[in-house]
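A structural model of the following input is requested.
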Amino acid sequence: MQVHAFLSFPGTCEEAFTHYKTVLKGEITMMMKHEEAPEGEAPEAVDWRGKIMYAGLKVDDTMLMGADSQPDHYQAPAGMNVSLAFKRPARAESVFNALAEGGNITMPLQKTFWAQKFGMVTDKFGIPWMINCE
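Sure thing, here's the model as predicted:
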């Protein structure tokens with residue numbers, strides 16, 4: 001079994017996944033817009049048809065998935081974090097700093113009793129992250 005994170009966005013999924021591709025050095029395996037769905041499956045709202053129905057980002061041996069949720073269905077993330085584990089402190093710092101740009105640092109990246117580096121940040125897209133370096 002594998003567990004993958006699926007992130008919901010209020011219309012910013014394409015921008016977020018393009019950013020995550022660069023930050024996490026991943027590969028976007030799919031990015032399908034609602035307008036690309038089979039006939040009758042796309043939302044009726046014309047302004048929503050260009051939004052993302054599904055995005056997949058392969059990072060090493062895992063997938064980060066996401067989509068835009070229509071305004072009446074979107075809920076901001078709460079009670080969870082996407083946790084990233086790194087072996088190299090420099091890589092942890094680089095990712096933490098990139099995710100922090102335009103976001104909000106909850107806990108600065110620092111040495112803890114369990115890790116060389118640990119920090120928490122909510123990025124500019126509203127996604128909460130935990131960065132851990134053994």
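
which SS class is residue 50?
Per DSSP: H, G, I helix; E, B strand; the rest coil, the local secondary structure of residue 50 is coil.

Wait, it touches residue 35, no?
Yes. Between residue 50 and residue 35 there is a contact at 6.1 Å, judged by CB atoms under 8 Å. For every residue, glycine as well, the C-beta is placed using N, CA and C.

got any ranges where this structure has weak pLDDT?
Scanning the chain for pLDDT under 70 picks out 40-46.

Tell me where it has strands.
5-9, 27-33, 52-59, 62-68, 82-86, 104-110, 117-122, 128-133 (DSSP state E).

which one of these lies closest to residue 76?
strand 5-9 (8.7 Å; CB to CB).

what does stretch 59-75 rub up against?
2, 4-14, 16-17, 20, 24-27, 29, 43, 45, 48, 51-57, 82 (CB atoms under 8 Å, 6 or more residues apart in numbering).

hang on, I meant stretch 19-32
14, 17-18, 52-60, 63-64, 84, 95, 98-99, 125.

now do stretch 100-115
Outside stretch 100-115, the residues that reach it (CB under 8 Å, 6+ apart) are 92-93, 96-97, 117-124, 128, 131-134.

Kindly recompute the last result at 7 Å.
With contact meaning CB atoms under 7 Å, 6 or more residues apart in numbering, stretch 100-115 is reached by 92-93, 96, 117-124, 131-134.

Pick out the most distant pair among the residues you listed.
Using CB to CB for every pair in the contacts of stretch 100-115, the one that comes out farthest apart is 124 and 134, at 27.3 Å.
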